[in-house]
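Novice: Sequence first, then the predicted structure, then my questions.
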Protein chains: 4
Amino acid sequence: MNQSIFGKQFTICTWGESHGPALGVVINGCPAGLSLDLSDIQKYLDRRKPGQSRYTTARKESDEAEILSGVFEGRTTGTPISIMVRNLDQRSRDYSNIMDTYRPGHADYTYDMKYGFRDYRGGGRSSGRETIGRVAAGAVAAKFLASLGIQITTYTKSIGPVSISKMDFSEIEKNALYMPDSEAAEKAAAYLEKCIAQQDSAGGVVECRITGVPAGLGEPVFGKLDAAFAAALMSIGSVKAVEVGDGCAVSAACGSSNNDPFISDGKTIQKATNHSGGILGGISDGDDIILRAHIKPTPSISQVQKTVHSDLTPADLVIQGRHDPVIVPRAVVVVESMAALVIADAVLCNMGAQLENVLSFYNTKP
Amino acid sequence: MNQSIFGKQFTICTWGESHGPALGVVINGCPAGLSLDLSDIQKYLDRRKPGQSRYTTARKESDEAEILSGVFEGRTTGTPISIMVRNLDQRSRDYSNIMDTYRPGHADYTYDMKYGFRDYRGGGRSSGRETIGRVAAGAVAAKFLASLGIQITTYTKSIGPVSISKMDFSEIEKNALYMPDSEAAEKAAAYLEKCIAQQDSAGGVVECRITGVPAGLGEPVFGKLDAAFAAALMSIGSVKAVEVGDGCAVSAACGSSNNDPFISDGKTIQKATNHSGGILGGISDGDDIILRAHIKPTPSISQVQKTVHSDLTPADLVIQGRHDPVIVPRAVVVVESMAALVIADAVLCNMGAQLENVLSFYNTKP
Amino acid sequence: MNQSIFGKQFTICTWGESHGPALGVVINGCPAGLSLDLSDIQKYLDRRKPGQSRYTTARKESDEAEILSGVFEGRTTGTPISIMVRNLDQRSRDYSNIMDTYRPGHADYTYDMKYGFRDYRGGGRSSGRETIGRVAAGAVAAKFLASLGIQITTYTKSIGPVSISKMDFSEIEKNALYMPDSEAAEKAAAYLEKCIAQQDSAGGVVECRITGVPAGLGEPVFGKLDAAFAAALMSIGSVKAVEVGDGCAVSAACGSSNNDPFISDGKTIQKATNHSGGILGGISDGDDIILRAHIKPTPSISQVQKTVHSDLTPADLVIQGRHDPVIVPRAVVVVESMAALVIADAVLCNMGAQLENVLSFYNTKP
Amino acid sequence: MNQSIFGKQFTICTWGESHGPALGVVINGCPAGLSLDLSDIQKYLDRRKPGQSRYTTARKESDEAEILSGVFEGRTTGTPISIMVRNLDQRSRDYSNIMDTYRPGHADYTYDMKYGFRDYRGGGRSSGRETIGRVAAGAVAAKFLASLGIQITTYTKSIGPVSISKMDFSEIEKNALYMPDSEAAEKAAAYLEKCIAQQDSAGGVVECRITGVPAGLGEPVFGKLDAAFAAALMSIGSVKAVEVGDGCAVSAACGSSNNDPFISDGKTIQKATNHSGGILGGISDGDDIILRAHIKPTPSISQVQKTVHSDLTPADLVIQGRHDPVIVPRAVVVVESMAALVIADAVLCNMGAQLENVLSFYNTKP
């Protein structure tokens, strides 16, 4: 419940609002000695940057990161890594139509109920720009994981009613929607044009596949790896459902088909199928981890909407400015970042699980 | 990631294995002065007790709770409430066929990978009996919430392919499957008979509706109320997907229909619809909270299953004894308990959100 | 601030009151594979048992522990270890003189202010019996540490005005006061006789020396090893000051004499002196760790004391029954237990500090 | 053990190194609606700024804070408050004499042991500049507490062998050493001149008195208010002992004199004396809270010191530049800040202690 802190050993603390001076993150517990420079982080931030296609907001932000601490001579020192991104596009717009009016589907009303007032400029802390800190930290976690051979591939599985029907990972970067299926991407683009024409918006599904995860990560009961993923993904604004492996489909399945038989080549143990999505009893089973986040349509639409003012009088709301007709493509890197953070934390938390390993760790340390 | 501790202010720490001497829970942070006796807890435990219908395991357990601390003269004292349930049915069965063999769909393999060995008797800590501590604590949380006017109704929404088509809450307690639709319950029972005949098992969906939650509970970003629910429900063994409000359906919806318009009668603010499931921006909006957990089919089935021994040789596994062909009905109270724990924690965490409230709290305290 | 949970990776959750049915502890995060049986725990509990000398309370308690979970076939499983001690001596005494009266030096008044009422039987949760959970857990931590070559020696340094003037560790177990100096022990015993005769009580100092701690344990800033020790020792009832190394004496010292020069035999680095008490910048320096806790005189004395009733009227209080004229000897094992818990936690938290070690851990794991 | 995060409800996360680009803090959980501007923070930072007297380092730093988030229209929003101070004086000195040499009394050796390498510029994260984040956050906590009528007065109690002999709080701000006794301040200044002449350094004691704290703050067992203070103060670099109330003196006292009798004027309950230092059983008793931190002499001295290089060869170390001969006066505001953070956290954690208060909170909330 600590609002802006996530993780146990590899932790992040994010901060910042849509129209404040800056946004950022402090990473605690990243192992010392990881080679890290700005380009590692910028690469991730660029994937969530606005203004990259006609399906994302026109807000002009370069989103350039600055590393303020925790890196010395190109390597992490083990102490907190502070990363900041200045907000540049804070031109003073006229917020008079929303400062006392509750936008449907947004957090305006709930923030007012919780805090008694709110920063109404662009959603304040509840803005999607909040994810900048997550992505900057996710870039660091992903680099750490890469050194362990753990890779994450994330993509758009569906937009509105249009789902992918093949998995060509080489396509992901080739279309503005990050779909591993060029035909589906074209159909989805057409669907989005229709949404734009109708002053409406679309949702979609982001899927994430993590390879190279050793068996044994995650903790029993409340520390289950899938529980951590569920919290991580559901904490992203607009996510309303999270699935692991076969996800919702398990409820209609039979045990005989849902169980994954174990097999062996005499050297390692594997599973013949992967309905479990790489997690059994909350602990990684060595197979690919598969996650899905269901994202609701952007609540900011250009249509006139019925709502109320804070003084309880009715309102006809027109949200000004141009907004993303769909946030799913920009959410891809956010989902990937949260997944990376969960795994990085689990990697560190797992090191003391067996006495034998603790003993050999301390005997072999110089 | 703390394996057996959940919550921030209202926290629980559970312990115990399927075939150890006992299982239990320690509750921290329950406000002092709550009237509490054994019957409050027993009522909840009885809802998850085995042996209540032919669809649940025949294991004989009375599951009688003992309160060991934290209650004095019938009221909670504010200090830890320790509750214990002794395991009675620990007859020494023959585990030779599973002690070195990995049951598909179970945590046997992953526990071995994590810890180097495992308590193989009935799944040890990964057994469904682990939820006894959750349910005992959930009973306390639910009683606390009831004093605030917060009520939770939980039921089976579907079993295998059979879904409810009406919502008659008075029916829930009248059928062994806890469905609010007697016809669906009959069809589901028929489906389960078929599963039993085929030595197979079924999954299903549990839904939870929480009424009376004040607007303003939950914290932004990582402390979102839905993130806490997602972690809470996904941490229950066999849950593979969690939905809030419209859940998965949002990904195919349009903003214009998914947004819930705010309305007012001049006294309070409400929403015309509840696609959000009572949570906006991670904070309760005063409407009913709606959650769903998708539960996989019981992995223990009587069919012969292909798997491997821990020495990597192939195995034809026959799991002995009788097992639940479906755990969904018994999971209903577990989902309710976890939901209660999340809300109880959010209620306490929220009290310091506004300076004005802190000031009046300390001025008005005697 | 979590009242009954301590630690981050190796955590404990204690529960129980002086006159409730039982007291106990749940240990989370103890590595799997540690050989553990009841005698390991009983040995520690026996060191804090009442009724062992005429300087400790006459309450009759066998304080026999039961291990309820987390141990299978003589080894820890990695899951929560639950340990319980039943309260036997709960005869119903007459508490009418204290149930509405605030005993000076006790927590009666502050518990009433905090919780609105209190369990007045023997102090309830604020009783010294609360430490049973700490000691049972400390026994487990100490066994874990012993396997790493880390040993803790704890003893009484002073009682009232009588301080030790030599350090003969072989003497510690030979006198009822756990002093490493037989002459001082005799003088202290004489002083205690005088206290008893005068219906008064005495305080004292417990010192703890930890050997074999590798350099590098502890975390910078708020996770400093000495900060953890300070919290751990100050959390013991009646402790009013905590010192590390030279402690209070440093404030009057000069830098030239307080600094410990580093020296080397060409193989390892050591310090010529140990004013730091084994901790520099919050991190262990490989030298012996030295801690001291200052314990106040037992507040329960037989003299008539001035105080007030809860209705604000004045009271002349006579505390009935026999009480420890000094709790210092029984606190020795409590200090040792808390010190063990701090080190055990630091050992586990430290394993992810260096990328190189994380990489080799995961490459070398089978 | 989370190295850079402190607190439970009112939490801070600090970051930054002595010679990195900047240092700062993120505050989580500060109630919304607190009036806050830069001057509130700058006032505190100025009290720890270097270069203010001949007894503090000549490093030129304006230490100007910037508020990056969490404040809107002059009031806190309830979301994270991020505060940053740029490092200006980072001229590239020659560190060749310390980069491979372990300075006695510093954390150079222990950081190398922990992390494998270190930022050797000015001590990196272990530098006293790390406290900038604490002080900026402490200023916010103190402002919050002031609105509740809680005031903290902090001062130098002794420097080297020179202790104060009176308590004239109006004197504190009048001398460079922050002593409430002008004569003692003169003697201490003379002592420091001697230290400077001898190329040596001095330690001292900082004392803190907190008034207006309501009874009932703090939690039993591990969440004791004094345990939190002990951790908070011991986590400040160079602190080697922490005392509460009579502190070390209690070990030689008798119960009859150490117990504080309760008295009443018929309206409130007070104590006739305050040996307890305002805390009984870990919970505030409504009296002034009194804390002391013992600070070691600055380890950086100009004398030649014996030490070793990291290659284990002996070294004669001369530390270049001018250093504080005493850090005690600059530590005064750091101690005050940590004390404020502990109380602010306890104020918020306490609000859910009684069911009755929770019920009235939610009934009276609009």
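Specialist: Noted; the coordinates are in hand.
Novice: Just the pLDDT for A:Arg59.
Specialist: As predicted, A:Arg59 sits at a pLDDT of 65.
Novice: Find me the pLDDT at whatever residue of the stretch 151-300 of chain A ends up closest to chain D, would you?
Specialist: Closest residue of the stretch 151-300 of chain A to chain D, C-beta to the nearest C-beta: A:Gly237 (13.7 Å). Every C-beta, even on glycine, is put in place using the N, C-alpha and C of the backbone. The model reports A:Gly237 with a pLDDT of 96.
Novice: and the gap between it and chain C?
Specialist: With the distance defined as C-beta to the nearest C-beta, to the nearest Å, A:Gly237 ends up 29 Å from chain C.
Novice: do A:Gln199 as well
Specialist: Taking C-beta to the nearest C-beta, one finds A:Gln199 at 50 Å from chain C.
Novice: ok, that residue - contacts?
Specialist: A:301-303, B:256 (C-beta atoms under 8 Å, 6 or more residues apart in numbering or on different chains).
Novice: List just the nearest of those residues to chain D.
Specialist: A:Ile301 (25.7 Å).
Novice: how about low-confidence regions in chain A?
Specialist: By pLDDT under 70, the low-scoring segments of chain A are A:1-2, A:51, A:56-59, A:90-92, A:365-366.
Novice: Tell me where the stretch 101-250 of chain A has helices.
Specialist: Secondary structure of the stretch 101-250 of chain A by DSSP state H, counting those that start in this stretch: the helices cover A:108-115, A:131-147, A:182-197, A:225-234.
Novice: and those helices, which is most packed in?
Specialist: Most buried of the helices of the stretch 101-250 of chain A by mean neighbour count (mean count of other C-beta atoms under 10 Å in any protein chain shown) is helix A:225-234; its value is a mean of 30.
Novice: Give me the contacts around that helix.
Specialist: Residues outside helix A:225-234 that contact it (C-beta under 8 Å, 6+ apart) are A:6, A:217-219, A:239, A:242, A:244, A:277, A:279, A:282-284, A:289, A:291, A:293, A:335, A:338-339, A:341-342, A:345-346, B:1, B:222, B:224, B:226-235, B:239-240, B:242, B:244.
Novice: Also stretch A:254-273?
Specialist: Contacts of stretch A:254-273 (C-beta under 8 Å, 6+ apart): A:246, A:250, A:274-276, A:285-287, B:102, B:104-105, B:109, B:160, B:195, B:198-203, B:296-301, B:303, B:305-308, B:312-314.
Novice: residues of it that come out buried?
Specialist: By 16 or more other C-beta atoms under 10 Å in any protein chain shown, the buried positions in stretch A:254-273 come out as A:254-256, A:258-264, A:269-271.
Novice: Same list (these) but as CSV, adding secondary structure.
Specialist: Shown next, in CSV, are these (DSSP: H, G, I helix; E, B strand; the rest coil):
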residue, secondary structure
A:Cys254, strand
A:Gly255, helix
A:Ser256, helix
A:Asn258, helix
A:Asn259, coil
A:Asp260, coil
A:Pro261, coil
A:Phe262, strand
A:Ile263, strand
A:Ser264, strand
A:Ile269, strand
A:Gln270, strand
A:Lys271, strand
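Novice: Closest one to B:Gly321 out of those residues, please.
Specialist: A:Gly255 (15.1 Å; C-beta to C-beta).
Novice: so the residue of the stretch 151-300 of chain A closest to chain D touches A:Arg125, yeah?
Specialist: No. Assessed by C-beta atoms under 8 Å, A:Gly237 is found out of contact with A:Arg125, at 10.3 Å.
Novice: which of these two has more neighbours?
Specialist: Using other C-beta atoms under 10 Å in any protein chain shown as the criterion, A:Gly237 and A:Arg125 rank with A:Arg125 on top: 30 against 24.
Novice: Would you mind naming what in chain A lies close to chain C?
Specialist: A:8-10, A:29, A:31-34, A:76, A:78-79, A:144, A:147-148, A:214, A:216, A:220, A:347-349, A:351-362, A:364-365 (C-beta under 8 Å from any C-beta of the partner chain).
Novice: Also within reach of chain B: list those from the residues you listed.
Specialist: Filtering the residues of chain A next to chain C for proximity to chain B by C-beta under 8 Å from any C-beta leaves A:8-9, A:214, A:216, A:220, A:349, A:353-354, A:356.
Novice: Buried among those residues? Make that a PyMOL selection.
Specialist: Restricted to buried positions by 16+ other C-beta under 10 Å, the PyMOL selection for these reads:
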select buried, chain A and resi 8+9+214+216+220+349+353+354
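Novice: show me which of the ones next to chain B among the residues of chain A next to chain C neighbour chain D.
Specialist: Within these, nothing lies near chain D by C-beta under 8 Å from any C-beta.
Novice: With distance to D:Ala65 as extra columns, can I get the ones next to chain B among the residues of chain A next to chain C in a markdown table?
Specialist: Listed next are those as a markdown table, based on distance: C-beta to C-beta, whole Å:
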| residue | distance to D:Ala65 |
| --- | --- |
| A:Lys8 | 30 |
| A:Gln9 | 30 |
| A:Pro214 | 44 |
| A:Gly216 | 45 |
| A:Pro220 | 45 |
| A:Cys349 | 35 |
| A:Ala353 | 43 |
| A:Gln354 | 46 |
| A:Glu356 | 49 |
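Novice: ok, so of the ones next to chain B among the residues of chain A next to chain C, who is nearest A:Ile41?
Specialist: Of all those, A:Ile41 sits closest to A:Gln9, with 20.6 Å by C-beta to C-beta.
Novice: So what's the residue count around the closest residue in space to A:Ala65 that isn't next to it in sequence?
Specialist: Nearest residue to A:Ala65 in three dimensions, chain neighbours excluded: A:Ile41, at 4.8 Å (C-beta to C-beta, 6 or more residues apart in numbering or on different chains). Neighbourhood size, A:Ile41 [other C-beta under 10 Å]: 25.
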